[in-house]
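Trainee: no sequence on hand, only this structure:
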C-alpha cells in the first residue's frame, strides 16, 4: 500500500498525473480513484502476470463490496523495472486515462461529482502526484 489521499477534490475538467517506478519483479499494481476506500469510481489495475491476466490493464468500479464488470485494455505500455506516467482526466460522465501513446475512457458508473480518494497498491512506488 502506497500513500493514500482522502481530500483530493478532483472535479470534471481537472487532471491528475501519477508518476512512479514499477518494481523489477512486478506482478501488478493498482491506482484507485473514488469517493473513499469503499466507493471507487476507477480501479486501474495493470497486470503483468496476475489473476490469470498477462500484460493486460483491467479497470473496474467498486460500490462498497460490490465490483462492477471488468473492462480490459489490450494496450500495455508498462515495463517491469521501468517508470510509469499515467494521467487521469475527469469528465462529466467518464474518466479518460492517458497512457504513453494511448488513451481510453472508463465510465463514471457511480456518478461521482468529485473524486476525493486516491491510493496506489502493489508493485509500484509513487514518485509524484500532480493535478491541474
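Mentor: Here it is on my side, so go on. Please read these numbers as outputs of a predicted model, since none were measured by experiment.
Trainee: list the buried residues of stretch 108-123.
Mentor: The neighbour-count check on stretch 108-123 (16 or more other C-beta atoms under 10 Å) flags 108-110, 112, 114-120, 122-123 as buried. All C-beta spots, glycine's among them, are computed from the backbone N, C-alpha and C.
Trainee: of those, which pair is most distant in space?
Mentor: For those, the maximum inter-member distance is 29.0 Å, found between 114 and 123 (C-beta to C-beta).
Trainee: reformat the buried residues of stretch 108-123 as TSV; add pLDDT, secondary structure and distance to residue 131.
Mentor: Below are the buried residues of stretch 108-123 laid out as TSV (pLDDT from 0 to 100; DSSP: H, G, I helix; E, B strand; the rest coil; distance: C-beta to C-beta, whole Å):
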residue	pLDDT	secondary structure	distance to residue 131
108	97	coil	17
109	97	coil	22
110	97	coil	20
112	97	coil	16
114	96	coil	12
115	97	strand	10
116	97	coil	12
117	98	strand	14
118	97	strand	10
119	97	strand	15
120	97	strand	15
122	97	strand	22
123	97	coil	24
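Trainee: got those residues as CSV, with distance to residue 91 columns?
Mentor: As requested, those are exported to CSV (distance: C-beta to C-beta, whole Å):
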residue, distance to residue 91
108, 8
109, 13
110, 14
112, 11
114, 13
115, 11
116, 17
117, 18
118, 17
119, 21
120, 22
122, 26
123, 29
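Trainee: ok, those vs residue 68, which is closest?
Mentor: residue 109 (5.7 Å).
Trainee: what residues are up against the closest one?
Mentor: Residue 109 makes contact with 41, 61, 68, according to C-beta atoms under 8 Å, 6 or more residues apart in numbering.
Trainee: tell me how far it lies from residue 46.
Mentor: 20 Å (C-beta to C-beta, to the nearest Å).
Trainee: in terms of helices and strands, where is residue 31?
Mentor: Following DSSP states H and E, one finds residue 31 within strand 29-36.
Trainee: give the rounded mean pLDDT of that strand.
Mentor: If you average the pLDDT over strand 29-36, you get 98.
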